[in-house]
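Visitor: I would like to see how this sequence folds:
(one chain, ligands or ions: 1)
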Amino acid sequence: MRVFVTGGAGFIGSAVVRHLVLQKGYDVLNVDKLTYAGTLTSLTSVDGNPLYRFLKADICDARAMAEAFESFKPDRVMHLAAESHVDRSITGARDFVETNVLGTFTLLESARAYWQGLDVEAKDAFRFLHVSTDEVYGSLGDDGLFEETTPYDPSSPYSASKAASDHLAKAWQRTYGLPVVVSNCSNNYGPFHFPEKLIPLMILSALEGKPLPVYGNGINIRDWLFVEDHARALDIIAERGRVGETYNVGGRNERRNIDVVMRICSILDGIYPDRSPHGKLVTYVQDRPGHDARYAIDATKLETELGWKAIENFDTGIEKTVRWYLENEWWWAPLRRKYDGNRLGVLNSAN
Ligand code: NAD
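Guide: Numbering: from 1, shown residues only. Reported below is the predicted structural model:
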């Protein structure tokens with residue numbers, strides 16, 4: 001199996017690459033532009049493995065994508081490359097439109113040209129998995145869950161750009177017959193998560209005794225999934241998902257942001273009792289504009305049709321994550337040094 005992964009140097013993409021190479025024994029081409037969010041240090045475990053290769057390229061570059069398809073000859077595409085940080089999309093939406101919308105368009109066109117040249121059997125077996133977010137569905141009230149049929153209602157420039165890319169992917173299936181499957185997942189957390197995102201930011205700031213900035217009153221709810229459970233789900237969806245279908249991915253782990261932060265603090269209290277309580281570092285900051293109140297995923301279709309189930313619950317996953325950050329300063333310290341300043345420590349996205 002030859003898998004063309006985009007965004008494989010990012011948080012989820014690197015978990016997908018590690019899963020495909022180390023657990024599944026697949027040939028993987030990782031195509032990544034290496035923006036600030038991409039780091040090859042997340043892939044040291046596959047570096048040098050003959051099954052793995054890396055191409056530094058922009059998915060907006062049609063020629064580079066065409067050449068990559070023709071030389072690698074994939075059986076499958078897993079498209080994760082994106083601008084992914086909501087706060088950055090609010091202050092600078094252009095990169096989001098370029099990569100998430102135009103980049104996805106360019107990749108779909110390159111995939112289509114390559115796919116059309118395959119023989120009938122390979123054409124049938126080919127899959128293009130478009131990886132997306134539950135944020136395209138907008139915000140939930142106190143009740144209900146996002147289902148695959150929930151109408152799109154994105155709030156941020158990030159989610160609007162992802163919604164647009166989902167529509168493009170589905171249109172390429174309906175119009176051209178490209179075998180596209182779409183996945184929409186809830187918030188991920190786990191090892192190798194870029195230090196600007198909520199959970200790593202809180203762990204690292206608490207370790208350094210810095211304020212823990214929480215948006216608004218901290219009651220916004222997210223549905224957390226351990227990244228390795230997501231990587232497994234994506235492999236299963238690419239393998240057995242029905243063409244033209246959408247699969248929601250989530251671990252039924254709804255938590256208020258403030259409860260996530262306090263859970264991290266209580267784990268650190270247990271490890272460093274002399275510095276406790278870490279919860280005293282919590283500082284409420286002005287809410288994000290357009291901040292969605294609640295996300296929660298109904299993953300029944302993925303569970304019943306494709307047999308996937310999350311292994312980690314939030315308590316086991318967050319404990320593993322905190323310990324991973326404590327043991328892997330070599331990974332996060334250079335990123336934190338490079339990107340500290342106005343963004344880190346002030347903004348905190350739960351996305
Ligand atoms: P990330 O920001 O950690 O990684 C994105 C990767 O894409 C980086 O390695 C970056 O260098 C690369 N990239 C960006 N622009 C590119 C371009 N023009 N060409 C090539 N590569 C480019 O993101 P993530 O959190 O790993 O998310 C991966 C995918 O999963 C995204 O599509 C995101 O929308 C989706 N998703 C994320 C979450 C989450 O909680 N993080 C949840 C659901 C869905």
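Visitor: show me what contacts residue 154?
Guide: Remark: with contacts taken as C-beta atoms under 8 Å, 6 or more residues apart in numbering, residue 154 is in contact with 135, 136, 137, 138, 160, 162, 163. Heads up, the C-betas are built off the backbone N, CA and C, glycines and all.
Visitor: Who wins on neighbours among the residues you listed?
Guide: The most crowded member of the contacts of residue 154, judged by other C-beta atoms under 10 Å, is residue 162 (29 neighbours).
Visitor: Contact residues of the stretch 51-200 of the chain facing the ligand?
Guide: For the stretch 51-200 of the chain, the residues in contact with the ligand under the definition C-beta under 6 Å from any ligand atom are 58-60, 80-84, 99, 103, 131-133, 162, 185, 187-188, 194.
Visitor: no wait, the stretch 201-350 of the chain
Guide: Near the ligand, when you scan the stretch 201-350 of the chain using C-beta under 6 Å from any ligand atom, you find nothing.
Visitor: now the strands for the stretch 201-350 of the chain?
Guide: Under the criterion DSSP state E, counting those that start in this stretch, strands of the stretch 201-350 of the chain are mapped to 212-215, 221-226, 246-249, 254-256, 282-285.
Visitor: Only alpha carbons, please: show stretch 100-113 as CSV.
Guide: What follows is stretch 100-113 as a C-alpha-only set of coordinates in CSV (Å, rounded to 0.1, in the frame of the first residue of the first chain):
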residue,chain,number,x,y,z
ASN,A,100,-7.2,25.2,2.9
VAL,A,101,-9.3,26.2,-0.1
LEU,A,102,-6.9,26.7,-3.0
GLY,A,103,-4.5,24.1,-1.8
THR,A,104,-7.3,21.5,-1.5
PHE,A,105,-8.5,22.4,-5.0
THR,A,106,-5.0,22.0,-6.4
LEU,A,107,-4.5,18.7,-4.7
LEU,A,108,-7.9,17.4,-5.9
GLU,A,109,-7.1,18.4,-9.5
SER,A,110,-3.7,16.7,-9.3
ALA,A,111,-5.2,13.6,-7.8
ARG,A,112,-7.9,13.5,-10.5
ALA,A,113,-5.5,13.8,-13.3
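Visitor: want to throw the strands of the stretch 201-350 of the chain into JSON lines with mean pLDDT?
Guide: Formatted as JSON lines, these follow (pLDDT from 0 to 100):
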{"stretch": "strand 212-215", "mean pLDDT": "93"}
{"stretch": "strand 221-226", "mean pLDDT": "96"}
{"stretch": "strand 246-249", "mean pLDDT": "98"}
{"stretch": "strand 254-256", "mean pLDDT": "96"}
{"stretch": "strand 282-285", "mean pLDDT": "94"}
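Visitor: Redo these as JSON lines? Include mean neighbour count.
Guide: Formatted as JSON lines, the strands of the stretch 201-350 of the chain follow (neighbours: other C-beta atoms under 10 Å):
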{"stretch": "strand 212-215", "mean neighbour count": "22"}
{"stretch": "strand 221-226", "mean neighbour count": "25"}
{"stretch": "strand 246-249", "mean neighbour count": "25"}
{"stretch": "strand 254-256", "mean neighbour count": "18"}
{"stretch": "strand 282-285", "mean neighbour count": "14"}
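Visitor: just to revisit the earlier point, just the residues of the stretch 51-200 of the chain next to the ligand: which are in helices?
Guide: Per DSSP state H, helices hold the following members of those: residue 162.
Visitor: Which ones among the residues of the stretch 51-200 of the chain next to the ligand lie within strands?
Guide: The strands, defined by DSSP state E, take in 131, 132, 133, 185, 187, 188 from those.
Visitor: What is the most widely separated pair among those residues?
Guide: Within those, 131 and 187 form the most distant pair, 13.9 Å apart (C-beta to C-beta).
Visitor: So the two - more neighbours on which side?
Guide: When residue 131 and residue 187 are compared on other C-beta under 10 Å, the one with more neighbours turns out to be residue 131, at 29 against 25.
Visitor: check contacts around the more buried one.
Guide: Listed by C-beta under 8 Å, 6+ apart, the contact set of residue 131 reads 12, 78, 79, 80, 183, 185, 234.
Visitor: partners of it in the sheet?
Guide: Beta-bridge pairing of residue 131 under DSSP bridges involves residue 183.
Visitor: what number of residues lie near the closest residue to the ligand within the chain?
Guide: Taking C-beta to the nearest ligand atom as the measure, the chain has residue 10 as its residue closest to the ligand, at 2.0 Å. The criterion is other C-beta under 10 Å. On that basis, residue 10 has 26 neighbouring residues.
Visitor: Can you give me the neighbour number for residue 45?
Guide: Neighbour count of residue 45, defined by other C-beta under 10 Å: 13.
Visitor: Local confidence estimate at it?
Guide: In this model, residue 45 is scored at 98, pLDDT.
Visitor: Where does it fall, secondary structure wise?
Guide: If you go by DSSP states H and E, residue 45 is not part of any helix or strand.
Visitor: Excluding chain neighbours, what is closest to it?
Guide: Ranked by C-beta to C-beta, 6 or more residues apart in numbering and with sequence neighbours excluded, the top spatial neighbour of residue 45 is residue 18, at 5.9 Å.
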